[in-house]
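Trainee: just a sequence and a predicted model for now, questions to come.
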Amino acid sequence: MATRVLVTGAAGFIGSHLVELLVREGHQVRAFVHYNSNNNWYNLEQLPRDVLDAVEVVAGDVTDAFAVDAAVKERDVVFHLAALIGIPYSYHAPAAYVSTNVVGTLNVLQACRRHDVGRLVHTSTSETYGTAQYVPIDEKHPLVGQSPYSASKIGADKLVESYWLSFAQPVCIVRPFNTFGPRQSMRAIIPTVIVQALSGGQVNLGNLDPVRDLTFVEDSARAFIAAARSDKVLGEVVNLGVGHGVSIGELVQRIGVLLGIEIVTKREEARVRPPASEVIRLISDNRKAKALMGWAPRVDLDTGLSRTIEYIRAHLGSYRSDRYAI
């Protein structure tokens with residue numbers, strides 16, 4: 001893989017882990033973060049000082065074509081992770097999801113084409129599949145827009161596909177299932193459970209029945225880099241998952257065992273998706289990732305959960321257990 005890389009969405013959960021891994025491998029990393037007046041780099045600020053000092057941080061907005069073009073200039077590889085990802089919020093602000101996830105991706109594609117970028121690794125999501133019509137889910141599974149979020153990501157994925165087919169733009173689409181680990185916000189299920197459990201009292205949740213395929217964040221970051229290195233994935237969609245699932249109810253029990261407590265849950269209707277929008281089962285078929293990229297997950301669920309618990313214990317004061325993060 002070439003050494004000059006850009007990571008959009010670098011201040012996010014997966015993006016910050018990817019940036020750290022790229023720097024430690026010796027790459028020249030430019031990180032594109034969402035502008036705010038506090039000059040806050042969010043998760044990037046948690047990186048070790050020697051790592052962060054090696055990163056060129058550029059603030060902007062992925063919906064601004066001029067800002068994106070400037071960030072992509074003189075990059076050999078672009079990892080595109082910038083997106084709005086909260087599913088519940090997409091019910092309230094669908095236009096924002098189209099703007100960021102679809103138009104933002106178009107801006108990245110145009111800039112990559114203009115500057116002759118050697119590889120674009122685009123981030124999709126298992127939510128594009130909707131509830132599994134069969135399991136494990138392979139890359140040929142139909143795409144179903146069961147939320148405005150998933151619909152916006154389907155649109156973005158199809159734009160990336162079109163640039164490969166129309167312009168031979170060197171792209172690949174990686175489709176993570178549910179990634180978890182340190183630095184993840186309470187928008188996600190695992191921090192939601194751990195933070196509430198450590199804060200005492202009952203744990204407020206939505207539906208406990210959905211089944212999710214959970215991949216530790218370091219494994220996901222390794223997969224992004226593997227996708228950038230393999231010519232076999234050009235023009236392809238590749239699932240990233242462990243290949244088996246656990247229900248939310250079972251997940252709560254496992255977290256309770258690791259914490260050494262019995263977790264009492266309460267159904268909170270505000271956290272429940274509309275019935276036809278709920279994705280019940282997501283389990284990946286990851287054989288294509290193994291065949292084309294030589295990638296397989298290394299960290300098992302309990303080890304990943306233990307590392308996540310350790311992180312949240314150390315940063316518990318930065319989480320809000322009394323407020324539902326949509």
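Mentor: Now that the structure is in, tell me what you want to look at. In this text the structure is predicted, and so the values were computed from the model without any measurement. Numbers count the residues shown, from 1 in each chain.

Trainee: show me what the lengthiest helix in the chain is packed up against.
Mentor: Taking DSSP state H as the criterion, the chain has its longest helix at helix 148-167. In terms of contact count using 3 or more C-beta pairs under 8 Å, 6 or more residues apart in numbering; DSSP states H and E, helix 148-167 is assigned the packing partners helix 87-92, helix 94-97, helix 104-114, strand 119-123, strand 171-176. For the C-beta atoms, the positions are set from N, CA and C on the backbone; glycine is no exception.

Trainee: tilt between it and strand 171-176?
Mentor: If you take axes from the mean of the first three to the mean of the last three C-alpha atoms, to 10 degrees, helix 148-167 sits at 160 degrees to strand 171-176.

Trainee: and the angle for helix 148-167 with helix 104-114?
Mentor: Computed by the same axes, to 10 degrees, the angle separating helix 148-167 from helix 104-114 equals 20 degrees.

Trainee: can you list contacts of helix 148-167?
Mentor: 83-87, 90-91, 94, 97-98, 100-102, 104-106, 109, 113, 120, 122, 124-125, 127-128, 130, 143-145, 169-171, 173, 234-235, 237 (C-beta atoms under 8 Å, 6 or more residues apart in numbering).

Trainee: are any of the residues you listed buried, and if so which?
Mentor: Buried residues within those, counting neighbours by 16 or more other C-beta atoms under 10 Å: 83-87, 90-91, 94, 97-98, 100-102, 104-106, 109, 113, 120, 122, 124-125, 127-128, 130, 143-145, 169-171, 173, 237.

Trainee: picking up where we left off before, can you lay out the helices and strands packed on helix 148-167 as a markdown table showing distance to N39 and mean pLDDT?
Mentor: Shown next, in a markdown table, are the helices and strands packed on helix 148-167 (distance: least, C-beta to C-beta, whole Å; pLDDT from 0 to 100):
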| stretch | distance to N39 | mean pLDDT |
| --- | --- | --- |
| helix 87-92 | 24 | 95 |
| helix 94-97 | 23 | 98 |
| helix 104-114 | 21 | 98 |
| strand 119-123 | 25 | 98 |
| strand 171-176 | 29 | 98 |
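
Trainee: including distance to A70, could those go into CSV?
Mentor: Shown next, in CSV, are the helices and strands packed on helix 148-167 (distance: least, C-beta to C-beta, whole Å):
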stretch, distance to A70
helix 87-92, 28
helix 94-97, 23
helix 104-114, 9
strand 119-123, 17
strand 171-176, 21
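
Trainee: can you tell me the closest non-neighbouring residue to P297?
Mentor: Using C-beta to C-beta, 6 or more residues apart in numbering and skipping the chain neighbours, the partner closest in space to P297 is D219 (4.3 Å).

Trainee: check which residues of the host helix or strand of F224 are buried.
Mentor: Assigned by DSSP states H and E, F224 falls within helix 217-229. Residues of helix 217-229 classed as buried: V217, E218, D219, S220, A221, R222, A223, F224, I225, A226, A227, A228 (neighbour count, 16+ other C-beta under 10 Å).

Trainee: ok, the closest residue in space to V102 that isn't next to it in sequence - how many residues close by?
Mentor: Closest residue in space to V102, ignoring its immediate chain neighbours: G155 at 4.5 Å, by C-beta to C-beta, 6+ apart. Other residues within reach of G155, judged by other C-beta atoms under 10 Å, total 18.

Trainee: do the same with E25
Mentor: 12.

Trainee: do the one 3 residues further on as well
Mentor: Under the neighbour criterion other C-beta under 10 Å, Q28 is assigned a count of 17.

Trainee: per-residue confidence for it?
Mentor: As predicted, Q28 sits at a pLDDT of 98.

Trainee: okay, now the closest residue to T105 other than its chain neighbours: neighbour count?
Mentor: Computed as C-beta to C-beta, 6+ apart, the closest residue to T105 that is not its neighbour in sequence is A156, at 4.0 Å. Neighbour count for A156, taken as other C-beta under 10 Å: 29.

Trainee: with that, I have no additional questions.
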